[in-house]
Structure formats: structure tokens, C-alpha cells
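K.L.:
generate coordinates for the sequence data below:
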Amino acid sequence: MLLDTPPKSRARTAVDSRFGGLPRQFWIVAGGTIANRIGAMVVPFIVFFLGSKGVTEEATGTVVAALGFGGLLGAVAGGWLTDRIGPRGALLTGLVAAPASLGALYVVPTVPLMIAAALLVGVAGKLYPPAAAALVASVVTGAKRARAFSLMHWAINIGAATAAAMAGFLAERGYGLLFAIDIVTCLVFAGIVLAGVPKSAARTRAAGERGGYGVVVRDRLMMAFLALALVGETTYSLVEFALPLAIRLDGLSPAVFGAVSVVNAVLVVVLQPVLYARLARLGRVRVLAAAWIVIGLGVASTGLASGLWTYMASTVVWSVGEVVVGIVYGGIAADLAPAGAQGRYQGAMNWIHALARLVGPALTTVLFATVGPAFLWWAAAAAGVGAALVVLRMEPRLLERMSRAV
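P.N.:
Next up, the predicted model:
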């Protein structure tokens, strides 16, 4: 007679299937990421910080665009640097440069200097994510890789949830606190890397190490996926600029944006472990397509919001989409990358992320000032559905390539 599995055994099995079997270096990067993201309060609140300095809406868009342009440069440099000197050195370079640039942004007195400082913040902030992702990809292979990248996304949101819970409260008591905490947590992450990642990880020599981004550009499948990723990332980026701008134009306080940020982060933290076991068994490409549709419709529903509760309701929709994207998205570039080019492939993905943060604010500024916000929200819905349909057409080629991941 077979006995039912005890509840404690089932719980232990579930935990092991989600968290077990991953190497020490992965947990070092994940732990450092949590510490770093707890302090990542400046960029999400930059619209309100600039408003507190009397910066106009048009100038705010320019400063945020400079931040995004700096991210483009930083992502390319970070990916190249990772393949050149290894993930450890690239991580430390970015984590030391970021505090210096944040300090500059806080103290500069004029809009032109704010633009220059924001450019530096963007460069420094994008130097180290490709290195972190490449390190994860190098120490986690096979079927565990998708789970590892899902957990990295979860770690980011654990930090973001903590940051969101504090940021609105701290912002009302002075933006200097946000900058100070952001600076300190960057240095904490650097300390964790110094102590926990061995110097033997400083270089990852492989064929083609010294090459540029031609290896990515010549990869037609990767380039097609990057184009779709740009559409999806740009749609999501609207929650980082268009959403706070809509809240500001509705005459609501930064605390409202803080509240919706908490809702988003908490939902991701709570739902991702729950949904992972169910969605991981499904095809990654189909799950990604569904997630892009949900994000597009969720962002579009922002146009119906006018107060705290309606903004929170729209946040629930796109947050569910973000959860699903986080489960399947991160490991795709790692599985498409050839040996010796992991840093550049991750740099390309981070470049797309940064480009979206440039395109999103630009679209928001232009469309809000010309045809009105409604057009932007409708475009978000169309983009999400369109990206989903195209990636489904690419599914056979993506699956065949990812099955040969190194």
C-alpha cells in the first residue's frame, strides 16, 4: 500500500526543485544583486527628483534621455569588457563607477550639468549587468540555466520590493537619502564580489575573446530576437517614465508612484516562485509571447487610471506579465550565445534594455505633447500583441538553437 507523501517532504521537494543544485558563485551574484537593488532608488524617482529642482517637463525628458543614452554606451562597453577581462573585473569596474556618477548627479546645479551627469550614471549603471549575467551563464549550464536566470530576476525584485517600500517615505524627507543609499549598496555589492568571486574567474579565455560585436551582428536569429526584445522592453519601459509622468500630471504625489512600485515588486516576489513550477514545463517561447500580450494590455490600461486605486489596478495586470517574462526571458540570450561571446550577447541584451529606456521617454515626451497620452497607451497594446505574434513565428528556430546551448 502506497502512502501519501508527507506535507513537509512535498514542501522540501518543491524548495529543492526551485532553489537546489545551483553553485556558490551564483548565490554570491544573486545576494549582491539583492543588496544593490535595495538601494536602487534614484533612477525610478528621477522624474520627481528633477521636479523638486524645478526642472521643466521638457528638460526632464532630456535628462532622462541622456540617462538612457549613457545606458547604451555602458551596455556595449560592459559586454565587451566582460569578454575582455572577465566578469569579476567588469563587475567591480561598474560597481565603483556607479557611486561616483550618482554623487555627481546629486550635486550639479544646472540642467546642462544634470544632462552630463545623467549620461555618466547611465554608462556606469550598465557596465556591470552584462558581467553578472555572463558569470551566471558560465557557472550554470543545461536545464538549470533558465531557472538560474529566473531566480536572478526574482532577486532583482526582492531588492526592488524593499526599495519601493522605503523610497516614497525617504523621498518625502529629502532625495539625498535616496542617493546615499544607492551609493552605499553599490559599494556593498562590490565588496561581496571581492570577497566571494575568486580571482580565477577574472578571465574567461575563449576563441574570439578579443573580437567585437560582429559575432552578434552576424547572428541573424539573435538580431531578430533583439528586435522583438526592443519592442517588448520599450513597452515595459513606459511604466518607468510614462507612468510616473502620468501620475505627476494628474496632480498626485510621489507616494502614489511609490505605492504602485510596491504593488509591482511584491506581486513579482510572491507570484514568481508560485508560477515558475507551472510555467517552466511549458514552451519558453509561447510563454514569452503570452507575457508580452499581458504587459501590452496592462500598460495600455494605465490610460484608464486617475487615482491611487485605479493606478494600482492597472499595475496588477502588467506586473503579472512581468512575472511571466522573468521566468522565461533571461536565459534565452545565454542559450543563443556561442562559446567565448557570452559577455557580448549579454551586452547586446542590456543594450536593448538601455535603448528601450531611451526610446520610451522620447516617445512619451513627443506623444504627450502632440497627439496626447491616449495614443501612447493604444500603441502599447498593439506593440505587445504584435511582438507576441512574431516571436511565435520564430519558435521552431529558437527552440532548435537553444537545444544546442553551450
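
K.L.:
how long is stretch 365-382 end to end?
P.N.:
End-to-end distance for stretch 365-382, by CA to CA, to the nearest Å: 19 Å.

K.L.:
average pLDDT for it?
P.N.:
When pLDDT is averaged over stretch 365-382, the result is 86.

K.L.:
list the buried ones in stretch 364-380?
P.N.:
Across stretch 364-380, burial judged by 16 or more other CB atoms under 10 Å covers 364-365, 367-368, 373, 376-377, 379-380. All C-beta spots, glycine's among them, are computed from the backbone N, C-alpha and C.

K.L.:
er, stretch 143-163 I mean
P.N.:
Here stretch 143-163 shows 144-163 as buried, counting by 16+ other CB under 10 Å.

K.L.:
with stretch 302-319 instead?
P.N.:
302-303, 305, 311-315, 317-319.

K.L.:
likewise stretch 186-202?
P.N.:
Residues of stretch 186-202 classed as buried: 186-190, 192-193, 197, 201 (neighbour count, 16+ other CB under 10 Å).

K.L.:
I'd like the buried residues of stretch 302-319 as a markdown table, with secondary structure and pLDDT appended.
P.N.:
Listed next are the buried residues of stretch 302-319 as a markdown table, based on DSSP: H, G, I helix; E, B strand; the rest coil; pLDDT from 0 to 100:
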| residue | secondary structure | pLDDT |
| --- | --- | --- |
| T302 | helix | 87 |
| G303 | helix | 82 |
| A305 | coil | 81 |
| Y311 | helix | 87 |
| M312 | helix | 87 |
| A313 | helix | 90 |
| S314 | helix | 90 |
| T315 | helix | 90 |
| V317 | helix | 92 |
| W318 | helix | 90 |
| S319 | helix | 90 |
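
K.L.:
show me where pLDDT drops low in the stretch 201-350 of the chain?
P.N.:
Filtered on pLDDT under 70, the stretch 201-350 of the chain yields the residue ranges 201-211.

K.L.:
please read the previous query as pertaining to the stretch 51-200 of the chain.
P.N.:
In the prediction, the stretch 51-200 of the chain carries residues with pLDDT under 70 at positions 164, 167-168, 171, 200.

K.L.:
and which of the buried residues of stretch 364-380 is nearest L120?
P.N.:
For those, the residue nearest L120 by CB to CB is T365; the value is 21.6 Å.

K.L.:
E58 is in contact with the closest one, correct?
P.N.:
Yes. With contact defined as CB atoms under 8 Å, T365 reaches E58; the gap is 7.1 Å.

K.L.:
how close does the closest residue to Y106 other than its chain neighbours sit to L102?
P.N.:
Once flanking residues are discounted, Y106 sits nearest to F179: 4.5 Å by CB to CB, 6 or more residues apart in numbering. Distance, F179 to L102, using CB to CB, to the nearest Å: 6 Å.

K.L.:
which one of these two has more residues nearby?
P.N.:
Under the criterion of other CB atoms under 10 Å, the comparison of F179 against L102 puts L102 first, with 23 against 20.
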